[in-house]
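*Asks:* Prediction below, plus the sequence it came from.
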Amino acid sequence: MTARADRCRGAARAVVGLVGVLVSGPAFGAPLAHREVLPNGIVLLVAERPAVPIVAVRVLTRAGAAFDPDDRAGLANLTGALLTRGTAKRTGPEVDSAIEFVGGSLEATAGRDSLTVALSVQKKDLTLGLDLVSEVILSPTFPPAEVTRKVSEIQAAIKRSEEDPGTVASRALSRLVYPGHPYGVPVEGTRESVARLTRDDVVTFYARHARPDTTVVAVVGAVTVDEARREITARFGSWARPAGAAPSITPATAPPSPREETVKRELTQSTIMLGRRAIRQTEPEYFPLSVASYVLGGGSVSRLYARVREEAGLAYAIYSWVSPARYGAAFAVSAQTRTAEVPKVVVMIREELARMTREPVAERELALAKQYLIGSFPFRLETSGKVADFLVAVEDQGLGLDYADRYKEQIGRVTARDVQRVAAQFFPPESFSLVIVGDTK
């Protein structure tokens with residue numbers, strides 16, 4: 001569960017959508033990419049696409065917000081925002097000018113679990129692009145003036161986000177679903193926690209968590225495996241692996257009991273979110289759970305959409321999703337409705353959750369869900385950048401490069417009995433925490 005409702009839904013479906021394309025495309029059955037581990041522990045993934053002139057590179061290292069110190073929420077996010085703002089060789093504006101001159105892009109961002117540097121350049125400019133990537137990864141300077149500027153920008157963004165009911169609800173639900181765990185804290189932190197962050201905090205955090213043995217590099221485009229190996233080794237081969245073990249995070253445990261929270265906002269409509277802990281893609285039951293989620297609230301043919309929006313006309317939007325993550329997954333339902341109708345909508349959601357546990361889904365519902373999950377998002381891998389994103393995601397999540405094939409196979413095997421079984425485990429209404437954001441009385 002992310003800090004924002006839209007990102008929650010996107011995270012829940014991103015890998016699913018990409019997989020749908022991979023398993024239905026013409027290359028089905030072919031190796032997704034070449035994989036090897038360099039001597040210092042870097043995992044190198046190379047997908048040759050000779051006809052594509054753009055080369056995409058992703059460098060993912062396990063330095064996300066889950067590793068923020070307890071009193072330094074938002075530190076990973078600030079670190080990611082600063083990574084391209086100056087290196088030992090170039091200032092931030094010089095980095096920007098160099099990549100813009102060749103029409104490329106270079107960005108760095110931090111999420112819950114990892115920090116990623118993303119490069120996109122034409123093949124003829126790959127040498128420059130990789131030079132810039134190596135500089136921002138290996139020799140960032142984190143200039144004090146940039147730290148001050150980015151802190152202000154992040155605080156302003158947090159303040160703006162507090163006006164969005166979906167963001168407020170998602171953050172509140174994360175606290176309830178992940179009590180005492182880093183996933184219960186917003187990736188960006190709070191205005192107060194960000195105000196406490198210093199350049200020394202950033203330097204210390206990056207030095208501790210950015211290391212080759214927790215780094216994945218994906219190179220996708222008009223490059224051969226030999227070329228990619230040579231170029232990456234030339235720039236990152238001397239990056240020494242620390243002697244000690246990499247920092248680790250304890251997986252989240254289920255909260256002792258569901259809780260409810262109401263956040264008062266003077267609005268004409270309210271946002272409802274229900275959520276609970278679930279399972280990630282490494283668990284066999286994840287596949288029937290994905291099907292069950294789609295039947296319940298995955299689209300315009302879902303049960304929640306049909307009953308709450310179409311038949312009763314009570315919701316502006318309603319959907320459910322599974323949000324898998326490395327240290328703990330969640331399942332959630334969200335709806336927006338008129339404030340006066342909140343009690344009715346909550347009852348309807350709970351009734352539909354309960355019905356999923358009692359009754360097997362119809363064959364038509366099952367077929368539509370499986371068809372969607374396997375065959376949707378047909379253009380998700382149309383760019384090298386999207387392929388690179390997928391590669392580092394499946395590697396970081398420990399899913400293996402054969403995940404696309406396994407996904408199609410496992411979804412295809414799901415039966416109505418499987419759906420009812422996982423619904424009985426994950427959909428009991430009383431197991432969900434509840435958040436309401438709006439002008440409640």
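*Replies:* Yep, that arrived.
*Asks:* what's near enough to touch the closest residue to D213 other than its chain neighbours?
*Replies:* Here the nearest residue to D213 in space, its sequence neighbours aside, is G41; by CB to CB, 6 or more residues apart in numbering that works out to 3.1 Å. Backbone N, C-alpha and C define where each C-beta goes, glycine included. Residues near G41 by CB atoms under 8 Å, 6 or more residues apart in numbering: 211-215, 241.
*Asks:* Got the phi and psi for G41?
*Replies:* phi 100, psi -10 (degrees, to the nearest 10).
*Asks:* likewise E107?
*Replies:* Torsion angles, degrees, to the nearest 10, at E107: phi -140, psi 160.
*Asks:* In contact with it, which residues are there?
*Replies:* Applying CB under 8 Å, 6+ apart, the residues near E107 are 84, 117-118.
*Asks:* I'd like these as CSV, with secondary structure appended.
*Replies:* What follows is the contacts of E107, written out as CSV (DSSP: H, G, I helix; E, B strand; the rest coil):
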residue, secondary structure
T84, coil
V117, strand
A118, strand
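*Asks:* Could you export those as JSON lines, including pLDDT?
*Replies:* Listed next are the contacts of E107 as JSON lines, based on pLDDT from 0 to 100:
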{"residue": "T84", "pLDDT": "98"}
{"residue": "V117", "pLDDT": "98"}
{"residue": "A118", "pLDDT": "98"}
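*Asks:* Pipe the residues you listed into a markdown table and attach distance to A312 and neighbour count per row.
*Replies:* Converted to a markdown table, these look like this (distance: CB to CB, whole Å; neighbours: other CB atoms under 10 Å):
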| residue | distance to A312 | neighbour count |
| --- | --- | --- |
| T84 | 49 | 22 |
| V117 | 47 | 22 |
| A118 | 43 | 20 |
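*Asks:* which one among the residues you listed gets closest to G64?
*Replies:* V117 (13.2 Å; CB to CB).
*Asks:* List the beta-bridge partners for that closest one.
*Replies:* V117 forms beta bridges with V59, A108, as assigned by DSSP bridges.
*Asks:* wait, isn't it in contact with E135?
*Replies:* No. Checked against CB atoms under 8 Å, the pair V117 and E135 is beyond contact range at 10.4 Å.
*Asks:* Show me where the chain dips below the pLDDT cut-off.
*Replies:* 1-30, 377-381, 441 (pLDDT under 70).
*Asks:* Outline the domain layout of it.
*Replies:* As assigned by automatic domain parsing, the chain contains the domains 31-236, 260-438.
*Asks:* Let me have those domains in CSV, adding distance to I249 as columns.
*Replies:* Formatted as CSV, those follow (distance: least, CB to CB, whole Å):
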stretch, distance to I249
domain 31-236, 5
domain 260-438, 5
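*Asks:* out of those, nearest to A254?
*Replies:* The nearest among the domains of the chain, by CB to CB, is domain 260-438 at 4.6 Å.
*Asks:* could you pull out the strands for this structure?
*Replies:* All strands of the chain, identified by DSSP state E, fall at 34-37, 43-48, 54-61, 105-110, 115-122, 215-221, 260-264, 269-277, 315-323, 330-338, 433-438.
*Asks:* Parallel or antiparallel, list what pairs with the last one.
*Replies:* Think strand 433-438. Sheet pairing for strand 433-438, using DSSP bridges, gives strand 260-264 (parallel), strand 269-277 (antiparallel).
*Asks:* Against D131, how distant is L45?
*Replies:* Look at L45 and D131: by CB to CB, to the nearest Å, they are 20 Å apart.
*Asks:* Who has more neighbours out of these two?
*Replies:* Between L45 and D131, counted using other CB atoms under 10 Å, L45 has the larger neighbour count: 25 against 16.
*Asks:* Show me what that one bridges to in the sheet.
*Replies:* R35, A218.
*Asks:* Surely it touches A218?
*Replies:* Yes. Look at L45 against A218 with CB under 8 Å: they come within range, at 4.4 Å.
*Asks:* shared neighbours, these two?
*Replies:* 33, 391-392, 395.
*Asks:* Which two of those have the greatest separation?
*Replies:* Every pair of those checked by CB to CB; the farthest is A33 and V392, at 10.3 Å.
*Asks:* Of those two, give the one with the bigger neighbour count.
*Replies:* V392 (23 against 20).
*Asks:* so that one makes contact with V220?
*Replies:* No. V392 lies out of contact with V220 (CB under 8 Å); the separation is 10.1 Å.
*Asks:* what residues are shared contacts of these two?
*Replies:* With the criterion set as CB under 8 Å, 6+ apart, the contacts of V392 and V220 do not overlap.
*Asks:* Can you verify my assumption that P31 contacts A404?
*Replies:* No. Using CB under 8 Å as the test, P31 is too far from A404 to be in contact (10.6 Å).
*Asks:* of those two, who's got more company?
*Replies:* Using other CB under 10 Å as the criterion, P31 and A404 rank with A404 on top: 26 against 10.
*Asks:* so how far is S376 from the more buried one?
*Replies:* Distance from A404 to S376, by CB to CB: 14 Å.
*Asks:* and if you look at A367?
*Replies:* A367 is 14 Å from S376, by CB to CB.
*Asks:* Among those two, which residue is more densely surrounded?
*Replies:* Ranked by neighbour count (other CB under 10 Å), A367 and S376 place S376 first, with 18 against 11.
*Asks:* So W239 is in contact with P39, correct?
*Replies:* No. W239 is beyond contact range of P39, at 10.3 Å (criterion: CB under 8 Å).
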